[in-house]
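In: Fold the stuff below for me.
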Amino acid sequence: MTIRQPIRTGAIAATFMAFTVLSGCVMDAPAPGGRFARSGAAEGNWADTGGVATSSFNGGVFVTVANDTGNRLAQGTYRYVGASNVEINFTSLVRGQQVRANCLIVNPSQMNCTNDSGSQFSLVRRGNFS
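Out: Alright, predicted model coming up:
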């Protein structure tokens, strides 16, 4: 019986350590449905898949500029609706209209969006991200 006690205590300690280590990894793991879940995941620069424009997400401010001229194409705000969902409200300066888009961050490098008229588009990460 004295031999079993140290083994049992050791097993409990090892189990506790494993849960402690794994709990630190949960924030960077995919959320249910395989979606990337991390606070601030949209922050940074994103390009449209056609290479026409770059959108910047910075502290709640959303700005899109043309890659060839640097002219501002859209501006507005964004907010996190969930762990991997972002809502963008912006003005299209080209069309002079308000637009809302809901985006799903599918992984650290890709965001899939649908605007309020049903059009879909994807953005891909540009540059470094944390």
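
In: ok, how many other residues are close to residue 42?
Out: Residues lying near residue 42 (other CB atoms under 10 Å) number 24. The way it works is simple: take the backbone N, C-alpha and C, and place the C-beta from them, glycine included.

In: Name the helix or strand for it, please.
Out: In this structure, residue 42 sits in neither a helix nor a strand according to DSSP states H and E.

In: Which positions within the strand ranked longest in the chain qualify as buried?
Out: Longest strand in the chain, counting residues (DSSP state E): strand 97-107. Neighbour-count burial for strand 97-107, counted by 16 or more other CB atoms under 10 Å, picks out 99, 101, 103, 104, 105, 106.

In: which other helices and strands contact it?
Out: If contacts are counted by 3 or more CB pairs under 8 Å, 6 or more residues apart in numbering; DSSP states H and E, strand 97-107 sits against strand 85-92, strand 110-115.

In: Pass me the low-pLDDT residue ranges in the protein, would you?
Out: 1-39, 128-130 (pLDDT under 70).

In: What segments of it are strands?
Out: 44-48, 53-58, 61-66, 72-80, 85-92, 97-107, 110-115, 120-126.

In: So in that sheet, which strands flank the third one, and in what orientation?
Out: The one in question is strand 61-66. Take DSSP bridges as the rule and strand 61-66 pairs in its sheet with strand 53-58 (antiparallel), strand 72-80 (antiparallel).

In: Only the buried residues of that strand, if you could.
Out: For strand 61-66, by 16+ other CB under 10 Å, it's 62, 63, 64, 65.

In: and the strands paired with strand 61-66 as TSV, adding distance to residue 88 and mean neighbour count?
Out: Formatted as TSV, the strands paired with strand 61-66 follow (distance: least, CB to CB, whole Å; neighbours: other CB atoms under 10 Å):
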stretch	distance to residue 88	mean neighbour count
strand 53-58	8	18
strand 72-80	5	16
